[in-house]
Structures are given as C-alpha cells and as structure tokens.
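Undergrad: Build me a structure from this.
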Amino acid sequence: MIDIASPLRLRIDSAALVSNWRWLATQSGAACGAAIKADGYGLGARGVMKHLAAAGCGDFFVATWAEAAALMPLAGDVSLSVLHGVGASDMVAARTLPARPVLNSLDQVARWRESGEGRPCDVMVDTGMNRLGLRPEEALGGALEGLKIETLLSHLASADEDSEQNDRQLAAFRALRERIPARRYSLANSAGICLGSDYGFDLTRPGLALYGGVPRREADGAIRQVAFPEARVLQLRDVPAGETVGYGATWTAARASRIAIANMGYADGYLRCHSGSGGARWQARTLPLAGRVSMDLVAFDAGEADGLGEGDWIALDYDLPEVAARSGLSQYELLTGLGGRFDRYWI
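TA: Take a look at the predicted model:
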C-alpha cells in the first residue's frame with residue numbers, strides 16, 4: 001500500500017494534554033479519569049489513552065463497544081467503561097472484552113444479571129438530565145440488589161452554568177450514595193470539576209477540558225490548547241481589485257489581493273459558519289478567511305504574508321473558546337467535527 005501524506009494535519013500537543021489532566025486532577029481531590037469517546041474527541045482515542053495512562057490516569061470511558069474494541073489491547077493497567085451500557089447484540093463483546101458496561105435501564109440491569117456471569121458493572125442513575133440512566137426510584141426499588149457495582153455514576157446537566165440544578169443534582173447523588181452500595185461514586189465532568197471538590201466524590205470524568213476546551217471561567221488560564229489544525233496551500237492567485245472570491249461572490253477584493261487556496265473545507269469539519277470570521281496564520285502573519293467555505297477548498301487573504309508559497313502549511317485560528325464564540329459552534333463540535341482527512345501528529 002502506498003503511503004500518501006494528507007494535505008491536512010492535526011498537531012496534538014501531548015504535554016498540553018497531560019498538563020490539562022493534571023490540573024483537573026488537582027481540583028477535586030479525587031481520582032481523575034478521562035472520557036475518550038468519539039475517538040478521543042477527535043484527537044485519536046488510542047493516542048490519548050497512551051499518553052494519559054503513562055501520566056497516571058487509570059480510568060477511561062468510551063460510548064460504545066465498538067469504541068472499546070478499537071482500543072484493544074489496552075494501554076497498561078487501566079479500567080475501561082462503556083457509557084451506553086449493554087444491548088442484546090452487545091453481549092458477546094461485553095463478555096469478551098476487558099471493559100465494564102455502565103447499565104442505564106432496568107432492561108440492561110436484567111440482561112447483565114442474567115448473562116454477565118456475576119462480573120462487575122457500573123451503573124448510571126439519572127438525577128435530573130433525563131437522558132441515560134435509571135430513575136432514582138428504579139435504582140432504589142431493589143433492581144440493583146446483588147450486582148457488583150464498581151462505580152455508581154450520574155451526570156450533571158448544567159454544570160457549565162451557574163444553575164440551581166447543580167445543587168439539586170448534588171443533593172440527589174449524595175442521597176443515592178447513602179443507599180446504593182458501590183466501590184466508587186462519580187458525578188463530575190469537566191465543568192463539574194470546576195464547581196468545586198464537593199462534586200468530586202471518588203472519581204471524576206473530564207472530557208472537553210482535557211482537549212483544550214474551557215468549560216467554565218474557573219479554568220481560564222489553566223487549560224492549554226491541545227489540537228492545532230493545519231492545511232497546505234494548494235494554490236496562490238492574484239485577484240484584481242473589484243473581483244470576487246468563492247461561491248455567492250460574498251467577498252470582493254478592495255484592492256489587488258493575493259489569495260491562498262487551502263486544501264480544506266466543510267467536508268473536513270471546517271464549516272460554512274466560519275465564513276466571515278475565520279482565519280489562519282503563517283509565520284505569525286494573519287490570513288483572514290476570504291469568502292465562503294466550500295466542501296474541500298477555502299480561500300484566505302494572504303496580502304500580509306509575503307513569502308508564503310504553494311505547499312506551505314498554514315495554521316488555522318482554533319482557540320476553542322474564541323472560535324466557539326464567533327462561529328456559534330460549541331467547543332465540542334469544533335473538536336469532534338475534525339474529519340478523517342486530517343493526519344494526526346503527536347508532538
């Protein structure tokens with residue numbers, strides 16, 4: 001097979017990833033795990049697990065059994081949990097792989113009790129999000145009796161806001177802890193960690209903040225950027241004053257302009273909402289986006305980038321909080337949307 005380099009690359013700063021995990025670990029006083037679902041939020045779950053396990057992280061969370069299987073063999077002596085539980089078609093994987101299901105419904109509890117051969121499991125109880133998880137009355141009604149529960153979990157719905165719901169969910173989870181035996185208890189995601197040590201319990205499950213997202217103001221200045229998307233310049237062209245660039249002719253050259261065409265577009269997760277606000281840099285020089293983003297091409301105004309040539313790499317402006325604010329996308333979408341045409345490079 002011919003090895004062909006992509007004209008897109010995602011530089012991933014392993015030191016920043018580990019630094020973010022260590023900062024999150026110090027905030028709660030609890031063991032700090034890592035959510036690596038959606039292929040490590042788009043960075044590559046296997047690489048994320050490798051670097052965090054080497055740094056001391058022992059607990060990882062994926063969404064599906066397919067994601068769990070893709071991580072085999074696991075990196076070191078770590079624990080892996082599958083957040084979406086166990087359906088009827090998942091039982092072969094659940095019996096075979098060294099991972100635990102997070103049971104989310106009475107049906108899943110019954111299925112695991114009947115076919116799990118007494119193996120440990122995790123259990124999710126809903127305390128106010130109404131997404132996955134048993135209702136408290138279901139969890140307290142005897143359905144969990146006899147299960148070997150490694151971790152009892154719940155999930156905060158509004159931790160990124162100053163919401164009274166956070167206090168209500170905390171109180172509800174404390175009440176569950178008093179009545180449901182488990183080896184460990186886990187409530188906080190990235191934003192929940194920022195709410196304070198009361199939310200830490202025994203184990204936290206950060207995701208977004210590991211990868212450079214800032215979930216709350218308390219993390220400003222502590223969380224470092226991890227992902228740096230870059231694209232090769234495919235062509236440089238001169239555009240006379242008054243001519244337009246791109247679909248819909250939405251950008252008009254106010255003066256004779258030098259335009260850099262990059263090999264990237266909305267098929268790669270760089271969406272049309274960046275039009276009018278996005279940009280890139282080359283050797284600290286600014287390249288504003290010119291016109292609309294198309295499927296796999298985008299144009300930048302390279303008038304201030306003397307010396308830029310075809311084949312050079314340009315770095316997208318991709319500070320997650322800033323780009324989220326101006327694009328209307330969430331920080332999660334900005335990370336997980338980066339497509340498979342980006343080669344992943346750990347640095």
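Undergrad: Which strand runs longest in the protein?
TA: strand 227-239 (DSSP state E).
Undergrad: Each with direction, which strands does that one pair with?
TA: strand 8-12 (antiparallel), strand 257-262 (antiparallel), strand 313-316 (antiparallel) (DSSP bridges).
Undergrad: what's the average pLDDT for the shortest one?
TA: When you say that, I think you mean strand 313-316. What strand 313-316 shows for mean pLDDT is 97.
Undergrad: buried stuff in that strand?
TA: I314, A315, L316 (16 or more other CB atoms under 10 Å). Bear in mind the C-beta positions are built from the backbone N, C-alpha and C, glycine included.
Undergrad: Check the offset of the longest strand of the chain from the chain's centre.
TA: Put simply, strand 227-239 sits 26 Å off its chain's centre (CA atoms, centre = their mean, to the nearest Å).
Undergrad: Buried residues, that strand. List them.
TA: Neighbour counts over strand 227-239 (16+ other CB under 10 Å) mark A227, F228, P229, E230, A231, R232, V233, L234, V239 as buried.
Undergrad: Stretch 313-332 too?
TA: 314-318, 320-321, 323-324, 327, 329, 331-332.
Undergrad: CA atoms of that stretch as PDB?
TA: What follows is stretch 313-332, C-alpha atoms only, in PDB (Å, rounded to 0.1, in the frame of the first residue of the first chain):
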ATOM      1  CA  TRP A 313       1.500  24.900   5.900                       C
ATOM      2  CA  ILE A 314      -0.800  27.400   7.400                       C
ATOM      3  CA  ALA A 315      -2.200  27.100  10.900                       C
ATOM      4  CA  LEU A 316      -5.900  27.700  11.500                       C
ATOM      5  CA  ASP A 317      -7.100  30.000  14.200                       C
ATOM      6  CA  TYR A 318      -8.500  27.400  16.500                       C
ATOM      7  CA  ASP A 319      -8.500  28.600  20.100                       C
ATOM      8  CA  LEU A 320     -11.600  26.700  21.200                       C
ATOM      9  CA  PRO A 321     -13.400  29.300  23.400                       C
ATOM     10  CA  GLU A 322     -12.700  32.100  20.900                       C
ATOM     11  CA  VAL A 323     -13.700  30.200  17.800                       C
ATOM     12  CA  ALA A 324     -16.800  28.900  19.500                       C
ATOM     13  CA  ALA A 325     -17.900  32.400  20.400                       C
ATOM     14  CA  ARG A 326     -17.500  33.800  16.900                       C
ATOM     15  CA  SER A 327     -18.800  30.800  15.000                       C
ATOM     16  CA  GLY A 328     -21.800  29.700  17.000                       C
ATOM     17  CA  LEU A 329     -20.400  26.100  17.300                       C
ATOM     18  CA  SER A 330     -19.800  24.600  20.600                       C
ATOM     19  CA  GLN A 331     -16.300  23.700  21.700                       C
ATOM     20  CA  TYR A 332     -17.300  20.000  21.500                       C
END
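Undergrad: Need the contact partners of that stretch.
TA: Contact with stretch 313-332 is made by 9, 41, 208, 212-214, 225, 227-233, 260, 262, 270-271, 273-274, 277-282, 287, 300, 308, 334-335, 337, as judged by CB atoms under 8 Å, 6 or more residues apart in numbering.
Undergrad: do stretch 172-185 as well
TA: 31, 123, 125, 127-128, 136, 139-140, 144, 149-154, 187, 201-203.
Undergrad: at 7 Å what do you get?
TA: With CB atoms under 7 Å, 6 or more residues apart in numbering as the test, stretch 172-185 has contacts from 125, 127-128, 136, 139-140, 144, 149-152, 154, 187, 201-203.
Undergrad: And the residues you listed, which of them are buried?
TA: So, by 16+ other CB under 10 Å, the buried ones in these are 125, 127-128, 136, 139, 144, 149-152, 154, 187, 201-203.
Undergrad: Now for those residues: which two are most distant?
TA: Pairwise distances across the buried ones among the contacts of stretch 172-185 (CB to CB) peak at 23.1 Å, for the pair G128 and E150.
Undergrad: Which residue comes closest to P215 once chain neighbours are left out?
TA: Closest residue to P215 apart from its sequence neighbours, by CB to CB, 6 or more residues apart in numbering: A191 at 3.8 Å.
Undergrad: residues contacting that neighbour?
TA: With CB under 7 Å, 6+ apart, A191 has these contacts: L156, A159, D160, P215, R216.
Undergrad: Pull the most distant pair out of those residues.
TA: Of all the pairs that these form, the one spanning the most space (CB to CB) is L156 and R216, at 11.4 Å.
Undergrad: higher neighbour count, these two?
TA: With neighbours defined as other CB atoms under 10 Å, L156 and R216 compare such that L156 has more, 23 against 17.
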